[in-house]
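Sequence first, predicted coordinates after that:
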Number of protein chains: 2
Amino acid sequence: MFTDNRVTKLFNIQYPIIQAGMVWCSGWKLASAVSNAGGLGLIGAGSMYPDVLREHIQKCKAATDKPFGVNVPLLYPDIEKIMGIIEEEGVNIVFTSAGNPATWTSWLKDRGITVVHVVPNVKLARKCVERGVDAVVCEGFEAGGHNGKDEITTLVLVPQVVDAIGEHVPVIAAGGIGDGRAMAAAMALGADAVQVGSRFAVTRESSAHHNFKNRVVQADDTETVLTLKSVTPVRMLKNSFYEEVRQAEVDGADAQTLREILGRGRSKKGIFEGDLDQGELEIGQVSGLIDDIPAASDVIDAMISVYRKVVRGLTQ
Amino acid sequence: MFTDNRVTKLFNIQYPIIQAGMVWCSGWKLASAVSNAGGLGLIGAGSMYPDVLREHIQKCKAATDKPFGVNVPLLYPDIEKIMGIIEEEGVNIVFTSAGNPATWTSWLKDRGITVVHVVPNVKLARKCVERGVDAVVCEGFEAGGHNGKDEITTLVLVPQVVDAIGEHVPVIAAGGIGDGRAMAAAMALGADAVQVGSRFAVTRESSAHHNFKNRVVQADDTETVLTLKSVTPVRMLKNSFYEEVRQAEVDGADAQTLREILGRGRSKKGIFEGDLDQGELEIGQVSGLIDDIPAASDVIDAMISVYRKVVRGLTQ
């Protein structure tokens, strides 16, 4: 079905569906489940100490013989150790994000690793291509977790990135994509594939706490917000912690004060430990469309089935 | 082609493309051009004194024998006079926005007028259906001009509104839609039709100043911003006026101070008089994709042609 697709060919996978690397959600269980179901699973290194990452990579290799990758936020403090482990363990797909594609792309490419970088605007997409990446993920304002400062939505960002660099490398759409309708929409905009975060964060194989998963299931369309813009913009569910941040911002708090309120381990507290009140509940706007906790393979099957139905039903 | 479409049947038009009513852009020239080309043109009453609106309606009737409508922001000060003129002139399609659908829907329906209301979230969409509207426009965060407080993007909003009310009334997608790719995307999300603002604001028949049109043509993906959130959220191009607003917000200005900076006639100054420095340059994020000033009919022809190509090219 997607045999002539640039992304399925690049990664040697069945469907152009990539699971986003997410803190506290995407360990070896989720990544291997997605890869086994025909997508591309990614281990999210952002919430892992180097030794923990090594363990997840090894377990993922044992759990699937399909391709999988690692997502590395480039601002990670132990970045050199992380990259060393990726090389030693023979991981051959790396998604980099939250940083400059100039820093690690050549190093990874020299080791035969396929490199994809995540961008929030056209300028950085062009820079990625200059630096030799194999594909680009363009992520819109509606995405959960850390987000760009330009606030460009997926609907508007994807076609502009496609026009700018689509002839050189494949473009993967991210942000707001949780079902087959949104997948069809992204492909209509010219994307070669989709990257799906929130929908996979709320699956059985996600390592998020069940409190967190249940909270997302209950969320309606208006419950996430992009906040902490003067520190690092992040999309999360509104809760007591967010209310504290919001009040501090109303009172004119500077970035330093907000960093103190944020403190350390807020996302772990919210997503992994299930503290819905004081934790940082990172999730995308698409949470309003999420109303169950299926297996990751069911997400992929439903997405492909709905995609097909939608595409066949469009007026020609 | 779209003969079995709920929106083309509702308005008796050829294509499910509606031109948004926009301040200082959409007078009789633009509305009649769009209607003559097979879409639905709307006269934007938001920037018109009652007598001016009457003149535009009369000229539009003379310029087209196709259906057209009027867009009425419900917070308009002369709202009773405006509605009276609409009745007297026999306008039979009214799009209401920026207000409560409970206020005018029954009055309009009692007079045999087709009523469509613009909403930024699911809750208001449900309320519209309860109040008896004939269709709903759901408008995303990326849209130009006045915008909702929930910041829900078109990609995420459309399918949620479709799920909530699509079985009762047609859903029209708005925000970020400027070409056939975005139109196909919106239809894939389940929309029955699209409403297009920015792309029609930059056409030959738009009454915007040529300085404004040229400025939009030059804009890249990062140049609009949703601002004045404590007064009324509005998306505009960044310029000296925006910089003044931004600085005041950084300095902790309250809503009253921001209202004073905004003053009166800012959007007229920017859009109609072409003051790119001190005017309010209301336009959507899609401005990064706009790079010419065609006739309105060329916009529609290109949109349909690209839509067809995109739909036929999607992997099944």
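Received it, and whenever you're ready, just let me know what you need.

Nearest residue to the spatially most central residue of chain A in space, please, no chain neighbours.
The structure's chain A has its C-alpha centroid closest to residue A:20; by C-alpha atoms, centre = their mean the separation is 3.1 Å. Nearest residue to residue A:20, sequence neighbours excluded (C-beta to C-beta, 6 or more residues apart in numbering or on different chains): residue A:197, at 3.5 Å. C-beta coordinates here come from the backbone N, C-alpha and C atoms, glycine included.

Show the model's pLDDT score for that neighbour.
Looking at residue A:197, its pLDDT reads 98.

Extract the CA atoms of stretch A:308-316 and return them as CSV.
Extracted as CSV, the C-alpha positions of stretch A:308-316 are listed here (Å, rounded to 0.1, in the frame of the first residue of the first chain):
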residue,chain,number,x,y,z
ARG,A,308,-8.3,4.4,3.7
LYS,A,309,-11.9,5.0,4.3
VAL,A,310,-11.4,8.8,4.3
VAL,A,311,-9.3,8.8,1.2
ARG,A,312,-11.8,6.7,-0.7
GLY,A,313,-14.7,8.9,0.4
LEU,A,314,-13.2,12.2,-0.7
THR,A,315,-15.2,13.9,-3.5
GLN,A,316,-13.0,13.9,-6.6
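
Packing partners of the helix or strand of chain A with the lowest mean pLDDT?
Least confident helix or strand of chain A, by mean pLDDT, DSSP states H and E, is helix A:255-262 with a mean of 92. On a contact count with 3 or more C-beta pairs under 8 Å, 6 or more residues apart in numbering or on different chains; DSSP states H and E, helix A:255-262 meets helix A:240-250.

At which residues are the strands of chain A located?
A:17-19, A:41-44, A:68-73, A:93-97, A:114-119, A:135-139, A:145-146, A:171-174, A:193-196, A:224-227, A:234-237 (DSSP state E).

circling back: how about the residue nearest to residue A:20, what does it touch?
Residue A:197 sits next to A:19, A:20, A:22, A:143, A:144, A:145, A:174, A:284 when contact means C-beta atoms under 8 Å, 6 or more residues apart in numbering or on different chains.

Quick check, the last one in contact with residue A:174.
Which is residue A:284. No. When contacts are counted by C-beta atoms under 8 Å, residue A:284 is not listed as touching residue A:174 (9.2 Å).

Could you name every residue contacting both of the two?
Common neighbours of residue A:284 and residue A:174, using C-beta under 8 Å, 6+ apart, are A:143, A:197.

ok, those two, which is more surrounded?
residue A:284 (32 against 27; other C-beta atoms under 10 Å in any protein chain shown).

mind listing what the more buried one touches?
Contact analysis of residue A:284 by C-beta under 8 Å, 6+ apart lists A:142, A:143, A:144, A:145, A:175, A:176, A:178, A:197, A:198, A:224, A:235, B:156.

most neighbours, which of these?
When neighbours are taken as other C-beta under 10 Å, the top entry among the contacts of residue A:284 is residue A:175 (36 neighbours).

interface residues of the stretch 151-300 of chain A facing chain B?
Counting by C-beta under 8 Å from any C-beta of the partner chain, the stretch 151-300 of chain A comes close to chain B at A:151-157, A:159-160, A:163, A:175-177, A:179, A:181-182, A:184-190, A:220-222, A:225-226, A:252, A:284-286, A:288-289.

Go again with 6 Å.
Proximity of the stretch 151-300 of chain A to chain B (C-beta under 6 Å from any C-beta of the partner chain) is limited to residues A:152-156, A:159-160, A:176, A:181, A:184-185, A:187-189, A:221-222, A:252, A:285-286, A:288.

Could you turn the buried ones of these into a PyMOL selection?
Those of those that count as buried under 16 or more other C-beta atoms under 10 Å in any protein chain shown are selected in PyMOL with:
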select buried, chain A and resi 152+153+154+155+156+159+160+176+181+184+185+187+188+189+221+222+285+286+288
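
can you tell me which of the residues of the stretch 151-300 of chain A next to chain B are in helices?
A:154, A:155, A:156, A:159, A:160, A:181, A:184, A:185, A:187, A:188 (DSSP state H).

The second one contacts residue B:152, correct?
Going back to what we said before, that points to residue A:155. No. Here residue A:155 does not reach residue B:152: they are 11.9 Å apart, not a contact under C-beta atoms under 6 Å.

Next, the angle from the longest helix seen in chain A to helix B:296-313.
If you go by DSSP H, chain A has its longest helix at helix A:296-313. On the basis of axes from the mean of the first three to the mean of the last three C-alpha atoms, to 10 degrees, helix A:296-313 is oriented at 130 degrees to helix B:296-313.

For helix A:296-313, buried residues please.
Under 16+ other C-beta under 10 Å, the buried positions of helix A:296-313 are A:296, A:297, A:299, A:300, A:301, A:303, A:304, A:306, A:307, A:308, A:310, A:311.

Can you give me every residue that contacts the third one?
Residue A:299 sits next to A:199, A:203 when contact means C-beta atoms under 6 Å, 6 or more residues apart in numbering or on different chains.
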